[in-house]
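**Q** any chance you could fold what I've pasted below:
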Amino acid sequence: MSVRTCRLVTLGCKVNQYETQLLKETLQQNGWREAGAGEAAELCVVNTCTVTAEGDAKSRKTIRALARQNAGTRTVVMGCYATRDPVAVSRLPNVCEVVTDKRELPDLFDRLGVTARPTGISQFDGRHRAFVKVQDGCLLRCTYCIIPQVRPILRSRPAGEIVEEVRRLIDNGYREIVISGIHVGHYGVEATRGRSGLPPFRLWHLFRRLDRIPGEWRMRLSSIEAAEVNDEFISAAADCEHLCPQFHPALQSGSDRVLRRMRRRYSVERFLEKIERMRERLDRPAFTTDVIVGFPGETDEDFEQTLAACRRAGFMKMHIFPFSARKGTPAAKFDGQVPAEVRKERCRRLADLERRLAMEYYASLIGRDLEVLVERPADEAGRVRGTDRRYVPVELPGDEHDAGRLVGVRGREAFRDHLWAEP
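**A** Here you go, the predicted structure:
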């Protein structure tokens, strides 16, 4: 079989990164290899993002750059931007295929002569943790989000297939598996939606089953909606030995008025109640979150309520997003758009709070035994950086040979951006 060259580029989320890895392994099994630096590729594949207008622009820039750098290449474009605006994508240089639905991939493979098709991945290039996609699609209709329009169909992978893939990754040396999806908490929903008599198999059933895989490894949930944290979820999280006690429920706003405009499914008090219930059952769980600052109509009082809610939640990390009007979403047409300078100042204040809350959480782990996945050398010789089970950045003694290992340490000193720990 002759070896053909390809180049794959990914923009966006963990799901896109997983899908590109699966595509890469599929092509490799069929005689393709990645083109080296400075080598032109016969085939380029771009997995695009459309969460923001900037994601669209980066996708277009990437496609044009590949056309310049790979003379005569054929470019296949997939992902959310390809789904949202296939006509615009098809007009870009060297684009020969626009995949608007991942279910079209088998037809594309046929045209490329790809016959061997793995059901999952066996590695995750360039990373010491592996992402595993367990589901696709989102049913929600949050007023700021475009994703349900481009990934509207719920599809959950069979549990047995996921278990086999996770086991293979562990056997290949990966010590952390990140359970990922477009809306992870909707895992298994479509199997029982609108039907009666079918036993449910939901996200917590899945990680209970994964927890039975023996060995030195851990799993982490990429995200979870507060509305999906129920007693069964909490009990399973408390029981599972391998599940990391770090969870990412997106708050988005600490104002009930703003949450209603966003069309979120909880009140602030309900959100905080879920967090407290988890703290009661789990060993010092860490909570991270997303917050949109300057949503249309957000007043100074609304923002103060967000600051107060974040303090009460005690978030260890916050992803802070100044509101950006996304064309095609209801919020883009809402009145009360917040001026850019106000959004910027509010983001600064929230970031200041995040730094204080993070250091408080790091300090709470001083004197405690921790398990760190070593990921890279630190700036200072003789030290390495990694993350513990609670996703806290940790610096510890070590060298490049420790990368990818799980190391037992004890927290010693908290700094602004990490926790210092020693064996």
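**Q** OK, contacts around residue 251?
**A** 226, 268, 271, 289-291, 306, 309-310, 313, 315 (CB atoms under 8 Å, 6 or more residues apart in numbering). Quick note: C-beta positions are derived from backbone N, CA and C, even for glycine.
**Q** would you mind putting those into JSON lines with pLDDT, secondary structure and distance to residue 342 alongside?
**A** Conversion of the contacts of residue 251 to JSON lines gives the following (pLDDT from 0 to 100; DSSP: H, G, I helix; E, B strand; the rest coil; distance: CB to CB, whole Å):
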{"residue": "226", "pLDDT": "94", "secondary structure": "helix", "distance to residue 342": "27"}
{"residue": "268", "pLDDT": "98", "secondary structure": "helix", "distance to residue 342": "21"}
{"residue": "271", "pLDDT": "98", "secondary structure": "helix", "distance to residue 342": "25"}
{"residue": "289", "pLDDT": "98", "secondary structure": "strand", "distance to residue 342": "21"}
{"residue": "290", "pLDDT": "98", "secondary structure": "strand", "distance to residue 342": "20"}
{"residue": "291", "pLDDT": "98", "secondary structure": "strand", "distance to residue 342": "15"}
{"residue": "306", "pLDDT": "98", "secondary structure": "helix", "distance to residue 342": "13"}
{"residue": "309", "pLDDT": "98", "secondary structure": "helix", "distance to residue 342": "19"}
{"residue": "310", "pLDDT": "98", "secondary structure": "helix", "distance to residue 342": "18"}
{"residue": "313", "pLDDT": "98", "secondary structure": "helix", "distance to residue 342": "23"}
{"residue": "315", "pLDDT": "98", "secondary structure": "coil", "distance to residue 342": "22"}
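**Q** tell me which helix or strand residue 320 sits in.
**A** Mapping residue 320 onto the secondary structure by DSSP states H and E places it in strand 317-322.
**Q** mean confidence for that strand?
**A** Confidence over strand 317-322 (mean pLDDT, whole number) is 98.
**Q** again with stretch 111-121
**A** This predicted structure assigns stretch 111-121 an average pLDDT of 88.
**Q** for the helix or strand that residue 359 is a member of, packing partners?
**A** If you go by DSSP H and E, residue 359 is part of helix 340-364. Contact here means 3 or more CB pairs under 8 Å, 6 or more residues apart in numbering; DSSP states H and E; on that basis helix 340-364 packs against strand 286-293, helix 300-313, strand 317-322, strand 406-414.
**Q** contacts for the shortest one, please.
**A** Around strand 317-322, the neighbours that count as contacts under CB under 8 Å, 6+ apart are 286, 288-294, 310, 340, 343-344, 346-347, 350-351, 354, 357-358, 391.
**Q** buried set for that strand?
**A** Buried positions in strand 317-322, judged by neighbour count with 16 or more other CB atoms under 10 Å: 317-318, 320-322.
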